[in-house]
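In: Got a sequence here, can you build the structure:
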Amino acid sequence: MQSLYAGFVFLGMFVITILTLKIIVTGTARLVFYLYQLINHRLKGVRRHTTSWAGLPHK
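Out: Got it, this is the predicted structure:
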């Protein structure tokens, strides 16, 4: 009986760990993607400003 209970506890811990890892991974991926878009947007803005400062037509 004790081993059965331990097995259930282990299974529960296993499932919780997997779910937690999944949440962490998806959250990190979303954060990285968001930061990448933000930085990319900023870089495009900087490039646009430098080209306009140089007197070239900016898109």
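In: Quick check: I23 vs G12, distance?
Out: Noted for I23: a distance of 16 Å to G12, by Cβ to Cβ, to the nearest Å. To be clear about C-beta, it is placed using only N, CA and C from the backbone, and glycine gets the same treatment.
In: What of Q2?
Out: Distance, Q2 to G12, by Cβ to Cβ: 16 Å.
In: Settle it for me: which of these two has more neighbours?
Out: G12 (10 against 6; other Cβ atoms under 10 Å).
In: What helix or strand is the more buried one located in?
Out: In the assignment (DSSP states H and E), G12 maps to helix 2-53.
In: so how far is that helix from its chain's centroid?
Out: 3 Å (Cα atoms, centre = their mean, to the nearest Å).
In: Report the rounded mean pLDDT for that helix.
Out: In this model, helix 2-53 carries a mean pLDDT of 88.
In: show me the contacts for the residue of the chain positioned farthest from its centre.
Out: No residue in the chain sits farther from the centre than M1, which is 42.9 Å out by Cα atoms, centre = their mean. Residues near M1 by Cβ atoms under 8 Å, 6 or more residues apart in numbering: none.
In: how close does it sit to L35?
Out: For M1 relative to L35 (Cβ to Cβ), the value is 51 Å.
In: and if you look at G27?
Out: Separation of G27 from L35 (Cβ to Cβ): 13 Å.
In: now Y5
Out: In terms of Cβ to Cβ, Y5 sits 45 Å off from L35.
In: can you check M13 too?
Out: Using Cβ to Cβ, one obtains 32 Å as the distance from M13 to L35.
In: likewise A29?
Out: Between A29 and L35 the distance is 11 Å, computed by Cβ to Cβ.
In: With A6 instead?
Out: 43 Å.
In: do the same with V15
Out: Taking Cβ to Cβ, one finds V15 at 30 Å from L35.
In: What of V46?
Out: 16 Å.
In: got it, and L11?
Out: L11 sits 36 Å away from L35, going by Cβ to Cβ.
In: One more: Q2?
Out: Using Cβ to Cβ, we find Q2 at a distance of 49 Å from L35.
In: again, but for V25
Out: Using Cβ to Cβ, V25 is found at 16 Å from L35.
In: Same question for S3.
Out: Distance, S3 to L35, by Cβ to Cβ: 47 Å.
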